[in-house]
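S.K.: need coordinates for the below:
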Amino acid sequence: MSDTDAHDFPTADVLSTWLPQYQVHECLSEGQEGAVYRADQTALDRTVLIRLLPEPSMEEATVLLARLRQRARLLHPSLQAVYDFGRTHGGPLYLVTEYVQGELLEGLVTERKITPKAAFPLALQLCDALQIIHDHGSVHGALNPRTVLVTQEGLIKLTGMGMAVSTEGELSWLQTFTGSLTQDLHDLGMTLHFLFARVLPGADGRVSRDLPPAFARVLRLCLEPEITRPYRSAKDVQAALTEALRAEQQTATTSTKSKVVIAPGKPATPASAKSAATQAPVSRPPPGPPRPVMPPTQVHRSGPTFFQKLDAFFWNMLNAGLHMIVTLVSLGSLFALIYFKDHIVIEHVEGKPAARDTEVEEPPIPAAVMGALPPAPTLPTAPTTVNKPISLPLPPAPVDPFAELRAQYLGAVQKAASEALEKVRLDDLPHLQRELTLLQQGGDPPEVDEANLPASLKALRKRYREVR
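M.R.: Modelled structure (predicted):
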C-alpha cells in the first residue's frame, strides 16, 4: 500500500475522500486481514459494506481475482451479494458487498432469542441456502454460526462465501482457500447442532444428550467422516431432519396414548364392591400373619415433550402473525379508500366549470333560408372568448391495484402453512415457505405451476389467478 499497511487502516472520513462515490459512516471492525466499514452508495440510495484488503502479492492477486469473480456469480435472496471491487485513491483494495439488517445466529442462540419452535424452519432454510451454493458449482468454506445472519423477517442470509478462516478465527480473502463439499456438510452439522442444542458438539464428534434421539442421530451422521457419512448433499440432510421430526412426533403421540394413571388410595367402585360381596367363599383359611401393605403403583404422566412445546409455540406465533396481517390489511384498505375518495370528489368538483363552459353546437341553417337573407357584412375577425385556465388536480400516484389481493393471498398461504404444520404435512411446508418468501419480497406466483407443487398451494394459486 502507498499510505497505509495491513495494520493501519484509514478513518471513515479519510475513506470517504478515497471513494467519493460512497458516504462512509463508521468502521464496524478492524483486524489483521482487513477492516469493514458501513457506507451509503448515494447514486443508488442503498447502504453497503466496504471491506479494505491488504496489498497482495502478484500470485495472491491472481487467485483473489478468480475467487471474487466466482463469488460475484452467487446471486440469491438467501446469499449476501457482491457489488463492486477495485483500488481506492489511497492505495488499498476494496470490496463492496450487501448490507444486511439482521443479527448473527451465534448471538441469537446464545441470548436464547430463538425458540425451539423457530429453530426447525431456520434449519430447513439453512440447508436450502447451502444447497444453492453447491448447485452453482461453488462451496462456502467458512460456514459457522458467525457467518449466518437472520433478518428481521426471520429469513436466513449466508455471508463469508469463498473466504478462508485464519488461525485467529478471522475471515480472510488472502489466506489459502481449502473449502470443499465434504467440509461444508461437516460444518452444516456443527451449525445445526449449535442451533438445536445451543452448544457446539464435542471435539470427538459427540453430540449433546439434550437432543431428541432422532435429531441426535442425524447430527451425529453429519459429523461422521466422509467415508462413513450417508449424506451427500445439504438436501439429504434436510430430508433427514424432516423425517426425524416426523418420527419424534409419532413417538410422542404413541407414548401419550399408552400412559395410564393410577391414583393412590382411590376407593373401589360400587360395581366392584357389589360383585365381591355376592361371591361367598367356600372355606376360609385360618388367619395368618399380616402381609405387608405395598404402596399402590403410581404412573405419572410426563410433561409436554420438546416437540409438543415446539408445536404449541409455533402455532401461537402463526396465529398472532395472521391477526397482525389481517389488521394491517384492513387499516391499509381503509386508508386507501379514504385517500382515493377525497381525490375523486376534488376532481369532480373542479371539473364542473369546464363542463359549463363547453358550447353546444347549434344545428346549421338551411341553404334556402341562407339564400333569402342578405349577405352579412364583413367584420374584422374578433378573438374568441378565452376561458380562464382551469387548474386540474395532479393525478394521484400510481397505486398497485392488486395490493389487497396479494395481501389476501399472503394470508391464505400463511394459513395453509400453519395447517400443514398442524397436520404434519411436512412435504408441503418447504413449498409454502418459499411461496411466503416470494410474496414478502414483492413477487408474484409464476404463471405455470411446478410439477411437484402440493395440491393445497395449487388450489390457492388457481383461485388467485381467477380473481386477478
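
S.K.: setting aside sequence neighbours, what's the nearest residue to residue 411?
M.R.: With sequence-adjacent residues excluded and distances taken as Cβ to Cβ, 6 or more residues apart in numbering, residue 411 is closest to residue 325, at 5.5 Å. Bear in mind the C-beta positions are built from the backbone N, C-alpha and C, glycine included.

S.K.: tell me which element that neighbour is part of?
M.R.: Using DSSP states H and E, residue 325 maps to helix 306-357.

S.K.: okay, now the unreliable bits of this structure?
M.R.: Counting by pLDDT under 70, the chain shows low-confidence ranges at 1-7, 255-304, 341-400, 424.

S.K.: distance of residue 193 from residue 107?
M.R.: Per Cβ to Cβ, to the nearest Å, residue 193 is found 17 Å from residue 107.

S.K.: and what of residue 175?
M.R.: Distance from residue 175 to residue 107, by Cβ to Cβ: 25 Å.

S.K.: higher neighbour count, those two?
M.R.: residue 175 (15 against 12; other Cβ atoms under 10 Å).

S.K.: separation between the closest residue to the more buried one other than its chain neighbours and residue 467?
M.R.: What sits nearest to residue 175 in space, not counting adjacent residues and going by Cβ to Cβ, 6+ apart, is residue 164, at 3.8 Å. Residue 164 sits 52 Å away from residue 467, going by Cβ to Cβ.

S.K.: give me the more crowded residue out of these two.
M.R.: Ranked by neighbour count (other Cβ under 10 Å), residue 164 and residue 467 place residue 164 first, with 19 against 10.

S.K.: where does that one fall, phi/psi-wise?
M.R.: The phi and psi values for residue 164, taken as degrees, to the nearest 10, are phi -100, psi 160.

S.K.: which other helices and strands contact the helix or strand that residue 466 is a member of?
M.R.: Assigned by DSSP H and E, residue 466 belongs to helix 455-467. Helices and strands touching helix 455-467, by 3 or more Cβ pairs under 8 Å, 6 or more residues apart in numbering; DSSP states H and E, are helix 403-422, helix 429-440.

S.K.: how about the ones you listed in CSV, adding mean neighbour count and distance to residue 17?
M.R.: CSV is the format used below for those (neighbours: other Cβ atoms under 10 Å; distance: least, Cβ to Cβ, whole Å):
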stretch, mean neighbour count, distance to residue 17
helix 403-422, 18, 44
helix 429-440, 18, 39
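
S.K.: the residue nearest to residue 80 when sequence neighbours are not counted: what's it in contact with?
M.R.: Leaving aside its chain neighbours, residue 80 sits nearest to residue 159 (4.5 Å; criterion: Cβ to Cβ, 6+ apart). By Cβ atoms under 8 Å, 6 or more residues apart in numbering, the contact set of residue 159 is 80, 100, 147, 148, 149.

S.K.: if you set the cut-off to 10 Å instead, what comes out?
M.R.: 49, 79-80, 97-98, 100, 102, 104, 140, 142-143, 146-149, 171 (Cβ atoms under 10 Å, 6 or more residues apart in numbering).

S.K.: show me which pair in the residues you listed is furthest apart.
M.R.: Farthest-apart pair in these is 49 and 143; separation 19.2 Å (Cβ to Cβ).

S.K.: compare these two (neighbour count), which wins?
M.R.: Using other Cβ under 10 Å as the criterion, residue 49 and residue 143 rank with residue 143 on top: 26 against 18.

S.K.: in stretch 139-154, what counts as buried?
M.R.: Neighbour-count burial for stretch 139-154 flags 139-150, 154 (criterion: 16 or more other Cβ atoms under 10 Å).

S.K.: quick one: residue 53 and residue 92 touch, right?
M.R.: Yes. At 6.5 Å, residue 53 counts as touching residue 92 under the criterion of Cβ atoms under 10 Å.

S.K.: these two: who's more crowded?
M.R.: A side-by-side neighbour count of residue 53 and residue 92, using other Cβ under 10 Å, places residue 92 first with 24 against 21.

S.K.: secondary structure class for the closest residue to that one other than its chain neighbours?
M.R.: Spatial nearest neighbour of residue 92, excluding adjacent residues (Cβ to Cβ, 6+ apart): residue 52 at 4.7 Å. At residue 52, secondary structure determined by DSSP: H, G, I helix; E, B strand; the rest coil is strand.

S.K.: so residue 52 bridges to which residues?
M.R.: Applying DSSP bridges to residue 52 gives these bridge partners: residue 35, residue 94.

S.K.: how near is it to residue 88?
M.R.: Remark: distance between residue 52 and residue 88 (Cβ to Cβ) = 8 Å.

S.K.: more crowded one of the two?
M.R.: Shown here are residue 52 and residue 88; by other Cβ under 10 Å, residue 52 has more neighbours (25 against 20).

S.K.: I figured that one hits residue 34, correct?
M.R.: Yes. In this structure, residue 52 is within contact of residue 34 by Cβ under 10 Å, at 5.4 Å.

S.K.: next up, the contacts around residue 86.
M.R.: The contact partners of residue 86, by Cβ under 10 Å, 6+ apart, come to 19, 93, 94, 95, 96.

S.K.: could I get the full set of strands for the stretch 151-300 of the chain?
M.R.: Using DSSP state E, counting those that start in this stretch, the strands assigned to the stretch 151-300 of the chain run over residues 156-158, 164-165, 171-172.

S.K.: looking at the contacts of residue 86, which one is closest to residue 416?
M.R.: Set against residue 416, the nearest of those by Cβ to Cβ is residue 96 (39.6 Å).

S.K.: a strand runs through that closest one, doesn't it?
M.R.: Yes. Secondary structure assignment places residue 96 in a strand (three-state DSSP).

S.K.: now do the contacts for the most centrally placed residue in the chain.
M.R.: What sits nearest the mean C-alpha location of the chain, by Cα atoms, centre = their mean, is residue 155, with 2.4 Å. Residue 155 makes contact with 77-78, 100, 102, 121-122, 125, 129, 149, 433, 436-437, 440-441, according to Cβ under 10 Å, 6+ apart.
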